[in-house]
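A.B. asks: Give me the fold of what follows.
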Amino acid sequence: MAKQLQPGQGEKVKVNKFALVAAVLTGLLILGSIFGEKKKAESAASVPPEQTVTVEPANEASVADNRQIVDVEAPPVNEPKADHRAPIRDGAFFPITKQDAPELFRQWGQEWIDRINKATEEAVNITASAEKCDEVSLSGFSFDRSVPKEKFSVFVDCLNGERFYYTEAETQSSAPQPTALSESLAKITDIDAFTSCEALAKPQLNFPSTMDVSWLNSVADRKQFGINVALSFEAKNALGNEVPYVAYCVVTAENTELLSIKPR
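C.D. replies: From the prediction side, this is the model:
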């Protein structure tokens, strides 16, 4: 015989079933969460060490520290440059003797020759300190720059073709500044060379005021010891006719020499 349920018992059983289902679902969720965390830990552990990159946050303190290191870093120290000293070839200096230069002795006398020899020897030593000189090879007396018993100049040549001129006063200086002839000539522009040649040629013309220089047709040929100038111009001749001319000059660091004036 079937047991008869009391009023309210069937509803109680139904409620207990729902509670059981809820408990099961809650347990499953908890297990799923635990399993997920375990998977993450295993994945992190499986990454090789060399692939793990740690990035430190760039805060103000670390930037300041780096800046401080840069500021206190010492600049590179430049080693002092050794003084230049070119070798002096044997025979670069030969004193002037009466036996070798009797005419020079006659014009200058023993006292002046002694001064010339002393200045030449000093010039050789000075030139050896010049940056533009690779080796002192020759020295001598400059006839073009000297006037007997008034003033004189000497020269020194280097193996690389550089030439240096000195007056007596320059060889006696406590702080000599040797200047190569090439440096002195480089300071003379073509226009300067043309102008100096024009100044010498103009007074030689029949009608100086008619001189009309053609700068574009003039030439400044730079050589080792000077500048050869061919100055093109037009001027009236003795008959009053306008004629094209060329004035030939040699320009040096010391002066300008007019060689000739010829019609073109």
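
A.B. asks: Walking through the chain, point out its strands one by one.
C.D. replies: Per DSSP state E, the chain carries strands over the ranges 136-147, 151-158, 163-167, 212-213, 219-222, 227-236, 242-251, 256-263.

A.B. asks: Can you lay out those strands as CSV showing mean neighbour count, mean pLDDT and distance to Q107?
C.D. replies: C-beta: built from backbone N, CA, C; applies to glycine. Formatted as CSV, these follow (neighbours: other Cβ atoms under 10 Å; pLDDT from 0 to 100; distance: least, Cβ to Cβ, whole Å):
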stretch, mean neighbour count, mean pLDDT, distance to Q107
strand 136-147, 16, 95, 10
strand 151-158, 21, 96, 11
strand 163-167, 22, 95, 18
strand 212-213, 16, 97, 40
strand 219-222, 14, 96, 33
strand 227-236, 21, 97, 30
strand 242-251, 18, 97, 24
strand 256-263, 14, 96, 22
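
A.B. asks: Could you export those strands as CSV, including distance to A119?
C.D. replies: Formatted as CSV, the strands of the chain follow (distance: least, Cβ to Cβ, whole Å):
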stretch, distance to A119
strand 136-147, 9
strand 151-158, 5
strand 163-167, 7
strand 212-213, 40
strand 219-222, 28
strand 227-236, 27
strand 242-251, 25
strand 256-263, 25
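
A.B. asks: Which one of these lies nearest to A199?
C.D. replies: strand 256-263 (7.7 Å; Cβ to Cβ).

A.B. asks: Which other helices and strands does that closest one contact?
C.D. replies: Contacting strand 256-263 under the criterion 3 or more Cβ pairs under 8 Å, 6 or more residues apart in numbering; DSSP states H and E are the following elements: helix 190-201, strand 242-251.

A.B. asks: Could you export the longest one as CSV, CA atoms only?
C.D. replies: Output of helix 190-201 as CSV, limited to C-alpha atoms (Å, rounded to 0.1, in the frame of the first residue of the first chain):
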residue,chain,number,x,y,z
ASP,A,190,95.0,87.9,-58.8
ILE,A,191,93.5,91.4,-58.7
ASP,A,192,96.3,92.6,-56.4
ALA,A,193,98.9,91.2,-58.9
PHE,A,194,97.1,92.9,-61.8
THR,A,195,96.8,96.2,-60.0
SER,A,196,100.5,96.3,-59.0
CYS,A,197,101.5,95.6,-62.6
GLU,A,198,99.2,98.3,-63.9
ALA,A,199,100.7,100.8,-61.5
LEU,A,200,104.2,100.2,-63.0
ALA,A,201,103.0,100.0,-66.7
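
A.B. asks: which other residues reach it?
C.D. replies: 211, 213, 215, 218, 220, 227, 229, 231, 233, 247, 249, 251, 256-258, 261 (Cβ atoms under 8 Å, 6 or more residues apart in numbering).

A.B. asks: Let me see the mean pLDDT of it.
C.D. replies: The average pLDDT within helix 190-201 is 97.

A.B. asks: tell me the pLDDT at D65?
C.D. replies: 44.
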